[in-house]
Each structure stands twice: as C-alpha cells, then as structure tokens.
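Novice: Pasting a predicted model and its sequence here:
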Amino acid sequence: MLDRSCILFIAFLILTNLQYILSQSSIGSANCKPDTSRYDPRVTMSEWAKAGVEGGIPKPELVKIKARLAPGDDLQDAINSVAKSGGGVLLLSKGEYEIFSTITLESGVTLRGTIKDSVLISIKIHGYHFSTGKPRQSALFISNKHHVGIENLTIKYTGTFFEPKDKDALQTPWDKDVFHTPELRDTTLFVESIWFENSKNCWVRNCNILWAGSDPIRITNSEHITCTGNFIDRSYNKCDGGMGYYNIINSKYVLVYYEHIKRIRHFAIQNGSMYNVVMNNYLEVDINFHDGDGGYNLIEQNTIHIPQWHSWHCFQRGDPRQHQVPGKFNILFRNVAHYKNGSFEFSNPDAVYEINSTWGGKNALETNISIPESNTFYKLE
C-alpha cells in the first residue's frame, strides 16, 4: 500500500503532466477502439467501453471549415447556414462574441475557436431559478441534436459587474455564504453555460468554461457525450436548491476525461444516469451520486483535493431527507482523493470501492472485486 507522500507525488505528476498527457492520449478520439479480448467478465467493462462519442471525436483536420466568423457577425445565422450546407466547422476568429439570448447549435456543426484563450463567448443572458416556474436559460443549447462539437473556446458569464462568491486558496476557512446563502446581489443569473438535452454523439473539447450563471455543463437525457480537456471554474449560483453543478442527469455513456474542475457546488451523477466514465480528471469539488442514479458508473484515476471552504467529502451521496439512494455498482478505482482535514478517502490503490447504495454507513465500501490485470476497468486497445 502506498504511503501518503507517495500518493501526493502521484497527484503532483498528474497535475504537472495534464496537458502533455492530453495531447498524447487517444482516449475518446476516433482511433481509440475497445479491446474486447481484455474484458473482465465480472464487471461491466463492455458497457464502460462504449462511453463517449461513438467512433470517437473526429480529428480536427478531417472536418471541413465551412465558414469563418468575426466579432459582430451573427453567430446564430452562421450556425444555421453551416447546418443547411450539410455541417462542418464554424471557425471563430479572435475577439469577443456577446450573446444576449440562447444560441442553438445544430446537428453536424462544430463551433470552434482559432485560439482558446483569445476567443470569448461572452454570456449576457439573464434567467431565473426553476422554482419560479420560468424556463431554464442556457447560453449554448443543444436539443435533440447529434454530432455537435464545441472546441477551443472561452465561455464566460459576463452579465453582471461582480464576481461569484468563492475562495482563491484551498486552505481558506469554511464560509457559509459560498454554498448555503442565496445570491441576492442579482437574482437573474440562473443561466447554464452549455446544455445538452436529448442529444447524442456530441462533445466539448479544450474549452474554458468560466463564471457560470448556474451549471457550467448540463447533460440531460443524452447519450455518448464526450467532455475532455476543459477547464471549469466558478459559478455564481451554487447555493442549496440544485444549482452550480457539472450535471449528468438521466444520461448514459458520457465520458468525462482530463477535465480540471473547481469552485462549483458538485460534480453530480443523478436521476437514472448509468454507464458513465469519469477518468483522469483533477477536481477541487466532490463527485456526488446525488439523487437516484442508475448505477454502473465508473470513477477511475481521478485526483480530488477538497478545499477547506467546501462543504462535502470527496465522494458524496445526496441528502436522505430529499434525495433517492445511489444506484448499485458505482465503482471507484485508483482515485487520489484528499479530504480537507488531511486524510485520504477511498484511495487505497490495491482496493476496488463501490458507492454505498444504502443510506447507512460510509459513502463508499471496499469490495472483493479483484484488480484487473490491465490495472484499469476502462480497457481499450
């Protein structure tokens, strides 16, 4: 069993080599295929191998650029035009693209920036909490679509003059206001940055998703979505009441790979979601089996550091007073999960854990499942 200093060193290596590994890795790409000969019959490896875009995210050079856009041009009109031409890449040049109403992406269209840090989707939309009965608002909306890509962009909520409530350092003391006091400075900031609804074979790759009004990424009733290489930081609304999540809801075969996620409320898997793979991410937020997921989700080789000012453990379940129990066979394997009191949670590399699917006892339990010979449950050739 590894001691604490060794585990910290492993975490350091993951962080410092994140971009390099991402550039070299084929996971989630078009040339990555399951190696069925290596499946372990005891577990659901054949289902986990299906996670992400079917056939992989297309290589950028293989998708034709159909149109180029400059700040001030009509973004929605350009998306519609590319879709009518049969799909392809809409390439955004450097600059700020202000949006005051939802942009609807269409099947076959990839929205791509020329340089991630220099192309800004500036969200000026205002919306209200769902409890008001008004419809949820989103900046980039993908509904009943397929093969939609979002790449190389910075997406930021800029519709107000103040910053979100959070802390700059991991060791800053706990503060009730961050997660448990409503945002009253402006009550019209409930806007999701990216929302996939009832869609399939779509992806978000190499984007900055900053200062979300509520959920930075929301995936509902969808299948085969890949999110990889994105930096997610901050949310205005992350108070009690279902807001500020990296949110996977009633969705299957979602692959979340090499993301950097911080200063939001939860990374949540819930409401019937199953066969999703969350792998090799760095998080400063809990992974939460929040409300009646469908089970059979894989959480493998992630690094988690819970800040002092965060309110939850590394792996979390919902509140039994208002949420359903987690599903069965949600597997944790070789994660480095560092809680704010200095302890490590469910991080023994020689053990396979399962999220506790009853309300009693610990959030996860050690199983008798043997470590696979390949040292991963997400085995590809």
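Specialist: On my side now, so go ahead.
Novice: low pLDDT regions in the stretch 1-150 of the chain?
Specialist: Flagging of the stretch 1-150 of the chain using pLDDT under 70 yields the residue ranges 1-26, 28, 30-43.
Novice: Mind jotting down where the helices sit in it?
Specialist: 4-16, 18-24, 45-48, 75-84 (DSSP state H, counting those that start in this stretch).
Novice: Check which residues of the shortest one are buried.
Specialist: Spelled out, that is helix 45-48. By 16 or more other C-beta atoms under 10 Å, the buried positions in helix 45-48 come out as 45, 47-48. The way it works is simple: take the backbone N, C-alpha and C, and place the C-beta from them, glycine included.
Novice: any chance of the residues you listed in TSV, with distance to residue 228 too?
Specialist: As requested, these are exported to TSV (distance: C-beta to C-beta, whole Å):
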residue	distance to residue 228
45	20
47	19
48	16
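Novice: Once you drop chain neighbours, what's closest to the spatially most central residue of the chain?
Specialist: Nearest to the mean C-alpha position of the chain, by C-alpha atoms, centre = their mean, lies residue 246 at 5.0 Å. Leaving out its chain neighbours, the residue that sits closest to residue 246 by C-beta to C-beta, 6 or more residues apart in numbering is residue 267, at 4.5 Å.
Novice: again with residue 230
Specialist: Of all residues not flanking residue 230 in the chain, residue 207 sits nearest, at 4.8 Å (C-beta to C-beta, 6+ apart).
Novice: quick one: that neighbour from residue 193, how far?
Specialist: 9 Å (C-beta to C-beta, to the nearest Å).
Novice: residues shared between the contacts of the two?
Specialist: residue 155 (C-beta atoms under 8 Å, 6 or more residues apart in numbering).
Novice: circling back to that earlier point, of the buried residues of helix 45-48, just say which sits nearest to residue 275.
Specialist: residue 47 (4.5 Å; C-beta to C-beta).
Novice: Relative to residue 377, how far out is the closest one?
Specialist: Separation of residue 47 from residue 377 (C-beta to C-beta): 11 Å.
Novice: Residue 323 too?
Specialist: When distance is defined by C-beta to C-beta, residue 323 is 26 Å away from residue 377.
Novice: The strand or helix carrying the residue nearest to residue 246 pairs with which strands, and in what direction?
Specialist: Secondary structure assigned from DSSP states H and E places residue 267 in strand 266-270. Strand pairing for strand 266-270, determined by DSSP bridges: strand 245-249 (parallel), strand 287-289 (parallel).
Novice: which intervals of the stretch 251-381 of the chain have sub-threshold pLDDT?
Specialist: When residues are selected by pLDDT under 70, those of the stretch 251-381 of the chain lie in 379-381.
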